[in-house]
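Chemist: Provided below for reference: sequence and predicted model.
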Amino acid sequence: MSRSFAVFTAIILLLLYLCPIALAADLSTAPPPNIVQHKKTIKIYGTIFDEKRTPLRRITVKIGQATAKTNSHGRYSLKIKSGDYLIQVSRNKTVLDFDTMTFVNNTQLNLGIQLPSQN
């Protein structure tokens, strides 16, 4: 083994030994990390309607595991945590439309959905 390689290895080992000490000193003065991020609850509400803007009743809206049915005015509401979700709109277990969406840091969101024509 050459002398320069031995010196290089010794320097690397010394740095590896001293880095945890330096990191510990820095962490002792830093605030504790936010290990658990609490996801905010978001209220999603809206109206499901067709291409003629007629509200549709008895339509199921599913965002993640949260599910709601539209009332006689086509309105629905549900609550979810912030995150990425698959949104499904269905009637009698037949999926009429779907999409993905990210919900972040809102407390309420009006999400109106127009279904594509059934031609």
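Modeler: Good, I have the coordinates.

Chemist: span of stretch 63-79 from start to end?
Modeler: Chord length of stretch 63-79, first to last residue, is 9 Å (C-alpha to C-alpha, to the nearest Å).

Chemist: can you pull out the residues in contact with that stretch?
Modeler: Contact partners of stretch 63-79, identified using C-beta atoms under 8 Å, 6 or more residues apart in numbering, comprise 41-49, 54-61, 80, 83, 85-87, 101, 103. Every residue, glycine included, has its C-beta placed from N, CA and C.

Chemist: quick one: mean pLDDT for that stretch?
Modeler: Averaged over stretch 63-79, pLDDT sits at 93.

Chemist: and that stretch, which residues are buried?
Modeler: When burial is assessed from 16 or more other C-beta atoms under 10 Å, stretch 63-79 yields the following buried residues: Ile63, Ala68, Thr70, Gly74, Tyr76, Ser77, Leu78.

Chemist: show me the contacts of stretch 63-79 that map onto helices.
Modeler: Judged by DSSP state H, helices contain none of the contacts of stretch 63-79.

Chemist: alright, that wraps it up for me.
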